[in-house]
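Colleague: I'd like to go over a predicted model; first the sequence, then the structure.
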Amino acid sequence: MKLAVGPFLSFLLMALVARPAGAAGAPPPELARVYVTPQTAVDVGGRRLNLVCMGSGDRVVLFESGGSDWSDTWALVQPAVAARTRTCAYDRAGLGHSDPARGARTPVAIVEDLHALIVAAKLPTPLVLVGHSLGGFNAKLYAALYPQDVAGLVLVDPAEDRSADRGRALLHRRFGASLAARSELLDQAFWTQLAARYRGCAEAARSGPLDPDSLQYRRCTDPVRPRLGPEIAAERRRVQVTSVYQEAQASEILNSVYGDERGDPVYAGLFRPGALGRKPLVVLTHGLFDPRDPLDAAGQTVMIALHQETARLSRRGRHRVVPATGHNIQLDAPEAIVAAISGVLEATDPPRGP
């Protein structure tokens, strides 16, 4: 049965129920081991964040994963970019191989962790930030709060602040008042259900590891991702059954840009056209949707419009739709992300002499 969901949370639903990509092109075992084994433990004030770096070069490309995800989601992208320059991906607090953190995992808490990581690891700045989904919003927020640290950005199907307010007028014009109202109300109902689910996941894991063969585990985790190979799949199962992971996942989602609207007035001031100056910026949107479903068509229309607005944060911003991709573009078309990063790197390279 297809769930009825409005446009602004449709990308979350895609991530939860999307059919995983095929196994072709999975990283070789020796590369997968880099992601399933703790790498550099960086102290950010009494706790450690796992940092996975490869490649060399003057410019660093730093990857920020989406909600519920950590560094291994970039296993098809990071090594290709590392052939050109230094790259680093990291695990946010409580995810992957990083220690948990106290307090709500709000976007600004994640940004402050990322800043502490960059300073403690002595990563040279300004660097290029690449963020996916909720991590795309976090990367955008980082660039606004620490502009001196960021040379350019690639935002991969990023979550969007104030999505209902920003998209409401467009929905009314393109799809009519009834469908616009229906989609927004369905968003609200879906969010209530999703929040209850993740609270339940965290509560269930407190009494012991989840059973990886259970329906509850499937409801509390992303679908298996064959494109990442069996080694990473096994490690994801090991991590995702734990209370630490389930608590961190729930806190990030419940306190995300969708779960807590108290930051909206601040975001409205931060994210104005041209706010990022001339920093190279590429925003990628997934291409798959069902044009026969009015709600799905509305969702795609509004998400493209919001992503185009985000691209206008920079006078050198660009927006692209990646054909035949779901929300996890890093799995469905990693080459599109590699190409976008290459373009941003070229635009941030210092001019060469005669």
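Modeller: That came in fine, so what should we check first?

Colleague: buried sites along the helix or strand hosting residue 216?
Modeller: In this structure, residue 216 is located in helix 215-219 according to DSSP states H and E. For helix 215-219, burial by neighbour count (16 or more other Cβ atoms under 10 Å) applies to residue 217. To be clear about C-beta, it is placed using only N, CA and C from the backbone, and glycine gets the same treatment.

Colleague: what comes into contact with that helix?
Modeller: 197, 201, 204, 210-211, 240-241 (Cβ atoms under 8 Å, 6 or more residues apart in numbering).

Colleague: what does stretch 133-140 give?
Modeller: Defining contact as Cβ under 8 Å, 6+ apart, one finds that stretch 133-140 is touched by 11, 15, 64-67, 69, 107, 110-111, 114, 129-131, 153, 155-161, 252-253, 256-257, 271, 310, 313, 327.

Colleague: report the separation between the residue nearest to residue 44 when sequence neighbours are not counted and residue 270.
Modeller: Leaving aside its sequence neighbours, residue 44 sits nearest to residue 116 (Cβ to Cβ, 6 or more residues apart in numbering; 4.0 Å). Going from residue 116 to residue 270 by Cβ to Cβ, to the nearest Å gives 21 Å.

Colleague: can you check residue 294 too?
Modeller: Distance from residue 294 to residue 270, by Cβ to Cβ: 33 Å.

Colleague: and what of residue 28?
Modeller: 42 Å.

Colleague: do the same with residue 235
Modeller: On the measure of Cβ to Cβ, residue 235 and residue 270 end up 36 Å apart.

Colleague: those two - which one has more neighbours?
Modeller: residue 235 (20 against 17; other Cβ atoms under 10 Å).

Colleague: can you map out the strands along the stretch 201-350 of the chain?
Modeller: 281-286, 317-322 (DSSP state E, counting those that start in this stretch).

Colleague: what's the closest non-adjacent residue to residue 165?
Modeller: In space, residue 165 is closest to residue 264, 7.7 Å off (Cβ to Cβ, 6+ apart).

Colleague: the contacts of helix 215-219 in helices, which ones?
Modeller: 197, 201, 204, 240 (DSSP state H).

Colleague: just say which of the strands of the stretch 201-350 of the chain is most tucked in.
Modeller: strand 281-286 (a mean of 26; mean count of other Cβ atoms under 10 Å).

Colleague: tilt between it and strand 317-322?
Modeller: Calculated by axes from the mean of the first three to the mean of the last three Cα atoms, to 10 degrees, strand 281-286 forms an angle of 20 degrees with strand 317-322.

Colleague: ok, which stretches of the chain are helices?
Modeller: Going by DSSP H, the chain shows helices at 10-17, 29-36, 78-82, 107-120, 134-145, 163-175, 177-206, 215-219, 229-240, 243-254, 264-270, 294-311, 329-332, 334-348.

Colleague: output the below-cut-off pLDDT ranges for the chain.
Modeller: 1-24, 350-354 (pLDDT under 70).

Colleague: at 50 instead, please
Modeller: Within the chain, the segments meeting pLDDT under 50 span 1-8, 10-24, 353-354.

Colleague: what's near enough to touch the nearest residue to residue 335 once chain neighbours are set aside?
Modeller: Sequence neighbours aside, residue 80 is the residue nearest to residue 335 in space, at 7.7 Å (criterion: Cβ to Cβ, 6+ apart). Residues counted as contacts of residue 80 (Cβ under 8 Å, 6+ apart) are 334-335, 338.

Colleague: can you rerun that using 10 Å?
Modeller: Going by Cβ atoms under 10 Å, 6 or more residues apart in numbering, residue 80 touches 55, 74, 87, 334-335, 337-339, 341-342.

Colleague: which of the residues you listed are buried?
Modeller: The buried subset of the contacts of residue 80 - by 16+ other Cβ under 10 Å - is 55, 74, 87, 334, 337-339, 341-342.

Colleague: most widely separated two among these?
Modeller: 55 and 339 (16.8 Å; Cβ to Cβ).

Colleague: residue 61 versus the residue nearest to residue 335, what's the distance?
Modeller: 11 Å.

Colleague: common neighbours of those two, please.
Modeller: The contact sets of residue 80 and residue 61 overlap at 55, 74, 87, 341-342 (Cβ under 10 Å, 6+ apart).

Colleague: need the buried ones from the contacts of stretch 133-140 selected in ChimeraX.
Modeller: Filtering the contacts of stretch 133-140 down to the buried ones (16+ other Cβ under 10 Å) takes a single ChimeraX command:
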select :11,15,64,65,66,67,69,107,110,111,114,129,130,131,153,155,156,157,158,159,160,161,252,253,256,257,271,310,313,327
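
Colleague: right, and residue 31 touches residue 25 too?
Modeller: No. The criterion here is Cβ atoms under 10 Å, and residue 31 misses it with residue 25 at 11.8 Å.

Colleague: more crowded one of these two?
Modeller: residue 31 (17 against 14).

Colleague: kind regards, and thank you for your time.
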